[in-house]
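Chemist: Structure for this input, please:
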Amino acid sequence: MSEDELPAWLQLVFCDGLGAAAIRQLLAAFGSPASVLAASASAWRSVAGGRAATALSKPSPAHRADRLSATLQWLRGGAHRHVLSLGCPAYPASLLNTADPPSLLFAEGRLALLNQPSLAIVGSRHATPQGVDNAAAFAKHLSEAGWCVVSGLALGIDGAAHRGGLQGRGGTIAVVGTGLDIHYPKRHDALAREIAATGLMLSEFSPGTPPLRDHFPRRNRIIAGLTRGTLVVEAAMASGSLITARLASECGREVFAIPGSIHAPQAKGCHWLIKNGAKLVETAQDILEELRAEPGPAAATGVVDAGNPPPAESLLEDPLLSAMGHDPVSLDALEARTGWPLAQLQAQLLTLELDGHVQRLPGGLMQRRTAA
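Modeler: Numbering: from 1, shown residues only. Got it, this is the predicted structure:
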């Protein structure tokens, strides 16, 4: 994203009272943040409702200018700092099919890791020494096999997972609940700097954003949506790791858990997950074998060619819209109908969504929008 585009994006994303779903509706209708902001209140109301129109009509508060200044200062501080928006080629394709993809992502480090096969490793902040060893060992094995290890930079299991991930070629991504200029917890300052230098730091929160309580459950949806699966190493029953596991399951991703002693509080959450369908694993190889057993891209069904989609001469001839039909459809079904690679399919869907021809529905479904 260029610096010229950034102010409009920040003004839209940080507009008080304007939700993420409304932002996506407005972008689909108007095409860009600048066009959204230039539209009339009646146009906002017709697209996203009265609440969105009211939020956009309010004068811009002073703190929004402060956020812009902090973001620009941070962005100019290094060549490996980036702001990714929906529709940006570097935006992770795996997040596009989740129920609530962030409108903006702030990144520092190796953007290429966003397109690498990845697995989340999460668990208790109050981990046992065995749990820390397990997390590091699993992460190292997976990273050596080429898998990027994703976690949340918290104390305990998260930190061990990142350290293990840094030891292999797969690397690691830290998804944090603060701005990237703030390292939280402080004990992980050196680890955060190492990840920024050799892995990737990622956040939906702009520079200067402090560690607020509700930010951490929100970042968990990014951890779950970014990865092919989530491994829970240790977790009590009241644990943010169980939130991540639930979100991963809702995204259609795999959930793995390491069992422990029936007497250990940190094992209760893992045992609950296993009882409810998570895959019990004893070694990192168990995970690799499970993921390698997953079916590959669906074979072409004759709807369109499996290579690059032909340019559509009109909406009626668009091959993806033809494959969708007019009923709600899942990404898996579209992948089977078209035979396209997943990244290509998600990128094309986003283009159609931003053009106003496709809309997202609850449950990860998509539907073609038809003019009345």
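Chemist: before we move on, what SS does the residue lying farthest from the centre of the chain have?
Modeler: Distance from the C-alpha centroid of the chain, by C-alpha atoms, centre = their mean, peaks at His263 (34.8 Å). When classified by DSSP: H, G, I helix; E, B strand; the rest coil, His263 comes out as coil.
Chemist: Leaving aside the residues adjacent along the chain, what's closest to Gln266?
Modeler: Glu234 (4.0 Å; C-beta to C-beta, 6 or more residues apart in numbering). Where you see a C-beta, it was placed from the backbone N, CA and C, and this is true even at glycine.
Chemist: Which stretches in the stretch 1-150 of the chain count as helices?
Modeler: 6-13, 20-30, 33-38, 41-48, 50-57, 62-75, 93-96, 129-144 (DSSP state H, counting those that start in this stretch).
Chemist: and the residue farthest from the centre of the chain, what pLDDT?
Modeler: pLDDT recorded at His263 is 81.
Chemist: How much space separates it from Leu291?
Modeler: 31 Å (C-beta to C-beta, to the nearest Å).
Chemist: picking up where we left off before, backbone dihedrals for the residue farthest from the centre of the chain, please?
Modeler: phi -100, psi -10 (degrees, to the nearest 10).
Chemist: who touches it in this structure?
Modeler: The contact partners of His263, by C-beta atoms under 8 Å, 6 or more residues apart in numbering, come to none.
Chemist: burial of the residue nearest to Leu242 when sequence neighbours are not counted, as a residue count?
Modeler: Distances taken as C-beta to C-beta, 6+ apart put Gly269 closest to Leu242, at 5.3 Å, once the chain neighbours are dropped. Neighbourhood size, Gly269 [other C-beta atoms under 10 Å]: 23.
Chemist: ok, residues contacting the host helix or strand of Leu288?
Modeler: Under the criterion of DSSP states H and E, Leu288 resides in helix 284-292. The set of residues external to helix 284-292 that reach it, using C-beta under 8 Å, 6+ apart, is 117, 119, 137-138, 141-142, 145, 147, 228-229, 231, 254, 256, 279, 281.
Chemist: Please repeat the previous calculation with a cut-off of 10 Å.
Modeler: With C-beta atoms under 10 Å, 6 or more residues apart in numbering as the test, helix 284-292 has contacts from 117, 119, 121, 134, 137-147, 164, 228-229, 231, 254, 256, 258, 279-281, 283.
Chemist: If you average the pLDDT over it, what comes out?
Modeler: Mean pLDDT, helix 284-292: 94.
Chemist: Helix 129-144 and that helix, what's the angle between them?
Modeler: 50 degrees (axes from the mean of the first three to the mean of the last three C-alpha atoms, to 10 degrees).
Chemist: buried set for the host helix or strand of the residue nearest to Leu242?
Modeler: According to DSSP H and E, Gly269 maps onto helix 265-275. By neighbour count with 16 or more other C-beta atoms under 10 Å, helix 265-275 contains the buried residues 266-274.
Chemist: which residues are in contact with it?
Modeler: 123-124, 126-128, 130-131, 156-157, 230-239, 241-242, 245-246, 249, 255-262, 264, 278-281.
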